[in-house]
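In: Predicted model and sequence below, questions to follow.
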Amino acid sequence: MFKKLLLASAFGLSILPLAANAQIKVGVTISTTGPAASLGIPEKMAFAIMPKEIAGKKIEYIVLDDASDPVAAVKNSRKFVSEDKVDIIMGSSTTPASLAMIDVAADSQTPMISIASSISIVDPVDAKRFWVFKTPQTDAIMMTAMTAHMADHGIKTVGLIGFNDAYGEGVMSVFNTLAGPRKLNVVAQERYSRTDTSVIGQVLKLMAANPDAIMIAASGTPAALPARTLKERGYKGKIYFTDGVINEDFLRVGGKDVEGAYLPAGPFVVATQLPDSNPIKKVSLEFMKLYDAAYPRDPANSFSAHAWNTYLILKNAVPIALKTAQPGTKEFRRALRDAIENTTNLVTTHGIMNMSKTDHMGFDQRSRVMVQIQNGKWKLVN
């Protein structure tokens, strides 16, 4: 052994294992197939163009598809921490998958940034969610905008139809909480599966209640199904969607059946329509230019922008974490988590982020606007 030590020393080598990595490893699980593919595909495209270096450290993105399946998302996450030894986990695209991943992040003490919307992913910040953050706005922010718009436009009665999973239930729960103070009466609530091909029964029950407006608590292209059925059955009231539908595939699939509908959205969706004084506009247009140059046939959308914001968070937090430890160590993972939690006044494509020990999303009401679908496009409304 003594001779081996002398030989190693002579050649400037070490026989001891290195604890730290020369690069930062990022494990990304997103839904590029399955019902949420219209969310995951633009997210994957955003990860593909992210800079591969921050603060002098190379960044390796390990991207896997979870097929919109929470079980697969957990499997991917476990691979990231046990085999790839990642420093941070990103994803998933949907609320059910992101909720399922929390245990992996907490058990391995690996920071995680979700790209799904439900507030339940990060609130309350308990022992497990201590390690979890997210980039999309919460349901509470979006439903505040929606219920205010309804009340301001004379709506008194509302019907709800949404996914029968954590996303749909979360949105409808928040809506119900905010409806009372706005004097909105929820007269009917129905649910359906992301994979359903018919919602005739649910729509007939909604229409029998004769609401002034119907809110569809669903995401991606499956959200177009209730709208199509409502139009086919002659519904004349206003239709509202959540920000979970903001992509070109939804507009293509929904077509004339979603024309005129309202929804809350992140400012990025209408960035070109924002005043120049809005700092979000500059950051949004910079990302839009980069993304559209890489994918001229697939314009940047809300979901690609949510994914891009994970890079902006890393860009802000990594230099701080490197002052404490090096990648590949538990000390670095903890330092990175701490740096993310202390994010302050970070301008992103969807809002200005100020996180804290009790807020692992960090957006305020500046992170949403109301839009209407007009001529197959998103139009900013007052």
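Out: Nice, I can see it.
In: What residue spans form the domains of this protein?
Out: 23-137+285-363, 140-265 (automatic domain parsing).
In: which one of these lies closest to T272?
Out: domain 23-137+285-363 (7.3 Å; C-beta to C-beta). Where you see a C-beta, it was placed from the backbone N, CA and C, and this is true even at glycine.
In: so how far is the closest one off the chain centroid?
Out: Relative to its parent chain, domain 23-137+285-363 has a centroid offset of 9 Å by C-alpha atoms, centre = their mean, to the nearest Å.
In: mind checking the end-to-end distance for it?
Out: 30 Å (C-alpha to C-alpha, to the nearest Å).
In: Please identify which of the domains of the chain is closest to K379.
Out: domain 140-265 (10.0 Å).
In: quick revisit: okay, the domains of the chain in JSON lines with mean neighbour count and distance to G376 next?
Out: JSON lines is the format used below for those (neighbours: other C-beta atoms under 10 Å; distance: least, C-beta to C-beta, whole Å):
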{"stretch": "domain 23-137+285-363", "mean neighbour count": "21", "distance to G376": "13"}
{"stretch": "domain 140-265", "mean neighbour count": "20", "distance to G376": "5"}
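In: Which one of these lies nearest to V369?
Out: Taking these one by one with C-beta to C-beta, domain 140-265 is closest: 5.9 Å.
In: The closest one - what's its average pLDDT?
Out: Averaging pLDDT along domain 140-265 gives 96.
In: picking up where we left off before, so can I have CSV of the domains of the chain showing distance to P279?
Out: Supplementary listing: those in CSV, determined by distance: least, C-beta to C-beta, whole Å:
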stretch, distance to P279
domain 23-137+285-363, 5
domain 140-265, 18
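In: out of those domains, nearest to W378?
Out: So among these, domain 140-265 is nearest, using C-beta to C-beta, at 6.7 Å.
In: Tell me how far the closest one lies from the chain's centre.
Out: The answer for domain 140-265 is 19 Å, by C-alpha atoms, centre = their mean.
In: What distance do you get for K85 to I214?
Out: 48 Å (C-beta to C-beta, to the nearest Å).
In: If you could redo that for V26, that was the one I meant.
Out: Counting by C-beta to C-beta - V26 and I214 are separated by 40 Å.
In: Tell me where this protein has helices.
Out: Secondary structure of the chain (DSSP state H): helices at 2-10, 37-48, 70-79, 95-108, 139-152, 166-179, 200-208, 224-232, 248-254, 279-294, 302-321, 330-341.
In: Quick one: closest of those helices to Q374.
Out: helix 248-254 (10.9 Å).
In: Just the CA coordinates for that closest one, please, in CSV.
Out: Output of helix 248-254 as CSV, limited to C-alpha atoms (Å, rounded to 0.1, in the frame of the first residue of the first chain):
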residue,chain,number,x,y,z
GLU,A,248,-50.9,26.0,-30.1
ASP,A,249,-52.1,22.4,-30.0
PHE,A,250,-55.1,23.4,-27.9
LEU,A,251,-56.0,26.2,-30.2
ARG,A,252,-55.7,23.8,-33.2
VAL,A,253,-57.8,21.1,-31.6
GLY,A,254,-60.3,23.5,-30.1
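In: which secondary structure elements does that helix contact?
Out: On a contact count with 3 or more C-beta pairs under 8 Å, 6 or more residues apart in numbering; DSSP states H and E, helix 248-254 meets helix 224-232.
In: what about dumping the CA coordinates of the helix it packs on to CSV?
Out: These are the backbone C-alpha positions of helix 224-232, laid out as CSV (Å, rounded to 0.1, in the frame of the first residue of the first chain):
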residue,chain,number,x,y,z
ALA,A,224,-61.2,21.1,-25.6
LEU,A,225,-63.6,18.2,-25.3
PRO,A,226,-66.1,19.8,-22.9
ALA,A,227,-66.1,23.1,-24.9
ARG,A,228,-66.8,21.2,-28.1
THR,A,229,-69.7,19.3,-26.5
LEU,A,230,-71.1,22.5,-24.9
LYS,A,231,-71.2,24.2,-28.3
GLU,A,232,-72.7,21.1,-30.0
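In: by how many degrees do it and helix 200-208 diverge?
Out: 50 degrees (axes from the mean of the first three to the mean of the last three C-alpha atoms, to 10 degrees).
In: Quick one: list the elements packing against helix 224-232.
Out: Looks like helix 224-232 contacts helix 200-208, strand 213-217, strand 238-241, helix 248-254 (3+ C-beta pairs under 8 Å, 6+ apart).
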